[in-house]
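In: compute the structure for the input listed below.
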Amino acid sequence: MNCNDVNRFLDQASSSSPTPASVQGHIATCAACQKLVTAFQNAATPAAPASIALPEGLLDDLKPVRRLPSSPMRVAIWLGAAAVVTALGVALWGLRGWQALTGLELLFAAGSVVVLLFSAGYGLAVQMVPGAKRRFPFFAVECAAFLVFVATVAVAFHRSYSFPLAPADRGCFINGLITSGIAALFVLPRMRRGVWLDRGAVAINVGALVSAICLLVFVLYCPVINFRHVFVAHLGAVAVVMLVSGMVAFAWREQ
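Out: Here you go, the predicted model:
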């Protein structure tokens, strides 16, 4: 029995294999083989996990974390907020705008606002999960939907009225700001986790979602189908919302 025989035995034997007497005898007289066997035994023995001393009181401050909803559920959160605010607007001001529009006007005006609403809701759902895959460029879709709405108003909203539009302008502008404020109160408390990692982009997308809700309420309740009125009052309120969103985004990115 020599050192090579011991090496072959250690290479082929399992941890439960008995050690032959000849191997034991050689190991008892060979210092090199004794070190080799000790190294094998240490490698086969799992190391005890190192204890980590946590700062005193740390565990007392920890709070359970709610599981993040699935992507469809996150989109539904924003759409649910939009539905509640829209229902409130209809309850306060009625559906005369919906009834005054023709089929094509409804298709393009209301359809573009709904696309804007879904895109902004999807964008916020994606922004809640850092690194989440974006299935489509939602910012580009939001801009395209808004441009379709503006083009529809410019082309189709040319009805004239015998009464002065200034009071209607002021009323719709104020109602738009009220609607936007209520929508923001429903949207902001539902922000979670990753939305604050890119706060500038989130601020713009919140503005887009609030603007979509505001425009949807306008389409449903306002019967004044006149492009000057829509540009001054309806889009004026939206411009204020987006201006505030842009200022918040700029302030956050400067921090």
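
In: S180 touches L243, doesn't it?
Out: No. Between S180 and L243 no contact is recorded; they are 11.5 Å apart, counting by C-beta atoms under 8 Å. Just so you know, the C-beta spots here come from the backbone N, C-alpha and C atoms, and that holds for glycine as well.

In: so the two - more neighbours on which side?
Out: Ranked by neighbour count (other C-beta atoms under 10 Å), S180 and L243 place S180 first, with 22 against 11.

In: okay, and the more buried one sits in which element?
Out: helix 166-187 (DSSP states H and E).

In: on contacts alone, who are the packing partners of that helix?
Out: Applying 3 or more C-beta pairs under 8 Å, 6 or more residues apart in numbering; DSSP states H and E, we find helix 166-187 packed against helix 71-93, helix 199-221, helix 227-229, helix 235-254.

In: nearest to E142, out of the ones you listed?
Out: Of all these, the one in closest proximity to E142, counting by C-beta to C-beta, is helix 199-221 (5.0 Å).

In: which parts of the helix or strand V153 falls within are buried?
Out: In this structure, V153 is located in helix 138-156 according to DSSP H and E. Neighbour counts using 16 or more other C-beta atoms under 10 Å place F138, F139, V141, E142, A145, F146, V148, F149, V150, T152, V153, A156 of helix 138-156 among the buried residues.

In: number of residues surrounding A100?
Out: Burial of A100, expressed as a neighbour count using other C-beta under 10 Å, amounts to 14.

In: which residues touch it?
Out: The neighbourhood of A100, defined by C-beta atoms under 8 Å, 6 or more residues apart in numbering, consists of P223, I225.

In: what's the distance between it and L209?
Out: Using C-beta to C-beta, to the nearest Å, we find A100 at a distance of 26 Å from L209.

In: pLDDT of stretch 179-192, averaged?
Out: Mean pLDDT, stretch 179-192: 83.

In: what does it contact?
Out: 66, 68, 77-78, 81-82, 84-85, 88-89, 128, 202, 206, 209-211, 213-214, 217, 237, 240-241.

In: flag every buried residue along stretch 118-136.
Out: Neighbour count says stretch 118-136 has F118, S119, A120, G121, Y122, G123, L124, A125, V126, Q127, M128, V129 buried, by 16+ other C-beta under 10 Å.

In: same question, stretch 169-189
Out: In terms of neighbour count (16+ other C-beta under 10 Å), stretch 169-189 has its buried residues at D169, C172, F173, N175, G176, T179, S180, I182, A183, A184, F186, V187.

In: from these, which is closest to A21?
Out: Nearest to A21 among the buried residues of stretch 169-189, with distances taken as C-beta to C-beta, is V187, at 79.7 Å.

In: and the end-to-end length of stretch 152-171?
Out: Taking C-alpha to C-alpha, to the nearest Å, the first and last residues of stretch 152-171 lie 22 Å apart.
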